[in-house]
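Participant: Quick check, what structure comes out for this input:
(chains A and B)
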Amino acid sequence: MRRSAVLSAPVLAALMVPVAALGVGTSDWIDGFRTDVERCWNPPEGSAVVIVTFGMNRDGTVIGDSLRSIPREMAETDSFTAARRAILRCGRDGYDLPPDQYEAWREIEMTFDPLVGGEQ
Amino acid sequence: MRVVLAFVAILAGLAAPVTAQEERSGPLRIEITEGVIEPLPFAVPTFVAETAQAQEMAVNITRVIASDLTGTGLFREIPQDAHIARVTAFSSPVQFPDWKAINAQALIVGGVSVDDSGKVVVRFRLYDVFAGQEMGQGLQFVGTVDGWRRIAHKVSDQVYSRLTGEDPYFDSRVVFVSETGPKDARQKRLAIMDYDGANVTYLTDSASIVLAPRFSPGGDRVLYTSYESGFPKIYVLDVATAGRNVLNAADGEMSFAPRFAPNGQTIVYSLTTGGNTDLYQLNIASGQTSRLTTTPSIETAPSFSPDGSRIVFESDRSGTPQLYVMPASGGEATRISFGQGRYGTPVWSPRGDLIAFTKQSKGRFHIGVMRTDGSEERLLTASFLDEGPTWAPNGRVIMFTRETQGAQGASSLWSVDITGRNLKQVRTETGASDPSWGPLQN
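Facilitator: Numbers count the residues shown, from 1 in each chain, chains lettered A, B, ... in the order given. So this is what the prediction gives:
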């Protein structure tokens, strides 16, 4: 069953990022970033929505020990494990992000929501 | 989502360029909604043989673990010749970069020792390679040389559970009917095997036709129907000793389609008297019976819900075989199947959420699942003849009988995931039918 296209809280939050904070061509590298992670995300059957926060180094690599789940209890679930694995696996050589906009992507909050994209 | 992104892009396009010095407030928020469904790549280097006697067993155990995991369709083994790192000691530090380089997402490392008394000790650790950390704690299993496959299945069960979050099922057995000889003179024996077809043991000889074996909840007994007396009668067999007793055998009556209640003390079955077939319940210890249905139609193939409160069964009271649910003590039944075709052999999932069934429609047979109220019917297979589903103890996989067409047609066992993926034949040394999947072993 495909869930209706109601905007989730994280998406609304993304819309509310101050416009001045985003540079020209922002959507290109954000789309690229998203696509890179999606390529490695293999959500387990019945996977729940999980939010992962993490920090980035200037070279586009993930600060490995910075990955956290929201809420914290989700860290014990296979949904979080799959999300963390996706972020780390596809970012092992560093994500292709604009160095001059490092402050925009220094901290990431990524929502993994299998109910939006796929048949459940 | 795409609409939202377009909106973000428009906003971004209107914005003035920013410099690296400009600060954002809060993290960049991104939503990931479209993953890939592909088997998770894992590496399992041959377990380290920690004693001289363990060399061959270490190889065999490793291969069974790899086979268990890949057999689910959820995992893909990275061939050992692609491994860069070599594991020479169980406690050696893990070279995560080497495993990352070959894209192994999970790594299983183990050690095997066998002593002169035949005691086998298997240790293992599971690693999340890209997180660079162990998943769960290392575990050790102790067994005998003869039981090495069970130890391997135990390790696989742990790995499977930690990686999927699902309950395990590899260390389990299946009782079935072994079939040999031509179709018009087929010999049938009860047999028991590991879930993967290994370690077959025969429980009966082929002197009489046997049908529909069903495991007890504890896996220590098997109910089945035999024509030994000339009429179909229900027997209960002790798996350890192969000793058996006939149950509730009145002359001239036909009893069949038995199944244990979750308490293991009572059974439900069909009994035909005077040309009418109804469902009955029997307390094995006391021999006391009670009648559950009283219709002129044929009621059969009963199966309990896992909490023992309800029974799903097959009845032709509407004119064609359909599925019904009623309280375990009998009473009003609610029809749950309404699709086109004939429905039979319903089996309640051990999770309680689904009912598996056989469906015949437009000349084809299917194995399917539906919610317990009959909604969300999904057909998982289609062939000339598929029938008799049975659930893996974790409710994720269904095994069933597939029979091929024609005089040379043969029966074999197949399994399929409840998503309909990973349909495959279970290897058996003879023809096979009527599987009943037992519980996870202790």
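
Participant: Output the below-cut-off pLDDT ranges for chain A.
Facilitator: Within chain A, the stretches with pLDDT under 70 are A:1-27, A:116-120.

Participant: so where do the helices sit in it?
Facilitator: Counting by DSSP state H, the segments of chain A that form helices are A:9-15, A:26-40, A:78-90, A:102-105, A:114-117.

Participant: what's the most buried one of the ones you listed?
Facilitator: Highest mean neighbour count among the helices of chain A (mean count of other C-beta atoms under 10 Å in any protein chain shown): helix A:78-90, with a mean of 23. Yep, even glycine has a C-beta here, placed from its N, CA and C like the rest.

Participant: tell me the angle of that helix relative to helix A:26-40?
Facilitator: Per axes from the mean of the first three to the mean of the last three C-alpha atoms, to 10 degrees, the angle that helix A:78-90 makes with helix A:26-40 is 110 degrees.

Participant: For helix A:78-90, give me every contacting residue.
Facilitator: Residues outside helix A:78-90 that contact it (C-beta atoms under 8 Å, 6 or more residues apart in numbering or on different chains): A:36-44, A:47-50, A:52, A:54, A:62, A:64, A:67, A:69, A:74, A:110, A:112, B:32, B:35, B:100, B:103, B:105, B:128, B:130-131, B:135, B:163-165.

Participant: If any of the residues you listed are buried, give me the ChimeraX selection for them.
Facilitator: Per 16 or more other C-beta atoms under 10 Å in any protein chain shown, the buried members of the contacts of helix A:78-90 correspond to this ChimeraX selection:
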select /A:36,37,38,40,41,42,43,44,47,48,49,50,52,54,62,64,67,69,74,110,112 /B:32,35,100,105,128,130,131,135,163,164,165
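
Participant: just to revisit the earlier point, which of the helices of chain A sits closest to residue B:372?
Facilitator: Smallest distance to residue B:372 across those (C-beta to C-beta): 22.9 Å, for helix A:114-117.

Participant: What sits closest to residue A:34 if chain neighbours are left out?
Facilitator: residue B:30 (5.6 Å; C-beta to C-beta, 6 or more residues apart in numbering or on different chains).

Participant: That neighbour contacts residue A:110, correct?
Facilitator: Yes. Judged on C-beta atoms under 8 Å, residue B:30 makes contact with residue A:110 at a distance of 5.0 Å.

Participant: Next, give phi and psi for the closest residue to residue B:416 other than its chain neighbours.
Facilitator: Using C-beta to C-beta, 6+ apart and skipping residues adjacent in sequence, the residue nearest residue B:416 is residue B:423, 4.5 Å away. When quoted as degrees, to the nearest 10, the phi and psi of residue B:423 stand at phi -70, psi 130.

Participant: Residue A:113 touches residue B:32, doesn't it?
Facilitator: Yes. At 7.1 Å, residue A:113 counts as touching residue B:32 under the criterion of C-beta under 8 Å.

Participant: burial measure for residue B:416, as a count.
Facilitator: If you count neighbours by other C-beta atoms under 10 Å in any protein chain shown, residue B:416 ends up with 22.

Participant: quick one: contacts of the strand or helix carrying it?
Facilitator: Taking DSSP states H and E as the criterion, the element that holds residue B:416 is strand B:411-417. For strand B:411-417, contacts defined as C-beta under 8 Å, 6+ apart pick out B:72-73, B:174, B:176, B:179, B:197, B:367, B:380-381, B:386, B:392, B:396-404, B:422-426, B:428, B:431-433, B:435.

Participant: Could you do stretch B:361-369 as well?
Facilitator: Contact with stretch B:361-369 is made by B:339-342, B:349, B:354-360, B:377-387, B:389, B:398, B:400, B:416, B:418, as judged by C-beta under 8 Å, 6+ apart.

Participant: Restricted to strands, list these.
Facilitator: Those of these mapping onto strands are B:342, B:354-360, B:378-379, B:386-387, B:389, B:398, B:400, B:416, per DSSP state E.

Participant: Might you report the residue contacts of residue B:409?
Facilitator: B:183, B:384, B:403.

Participant: go with 6 Å
Facilitator: By C-beta atoms under 6 Å, 6 or more residues apart in numbering or on different chains, the residues touching residue B:409 are residue B:403.

Participant: That one and residue B:29: what is the separation?
Facilitator: From residue B:409 across to residue B:29, the span is 59 Å (C-beta to C-beta, to the nearest Å).

Participant: Report the contact partners of residue B:135.
Facilitator: Listed by C-beta under 6 Å, 6+ apart, the contact set of residue B:135 reads B:126, B:128, B:162.

Participant: and which of those is nearest to residue B:83?
Facilitator: Lowest distance from residue B:83 to these (C-beta to C-beta) belongs to residue B:126, with 16.3 Å.

Participant: Can you read off the pLDDT for that closest one?
Facilitator: Looking at residue B:126, its pLDDT reads 97.

Participant: same thing with residue B:232?
Facilitator: Note on residue B:232: pLDDT of 89.

Participant: Skipping adjacent residues, who's closest to residue 39 in space?
Facilitator: In the absence of a named chain, this looks at chain A. Among residues not flanking residue A:39 along the chain, residue A:90 sits closest, at 5.7 Å (C-beta to C-beta, 6+ apart).

Participant: switch to chain B, that's the one I care about
Facilitator: Spatially, and ignoring its direct neighbours in sequence, residue B:39 is nearest to residue B:76 (3.8 Å; C-beta to C-beta, 6+ apart).
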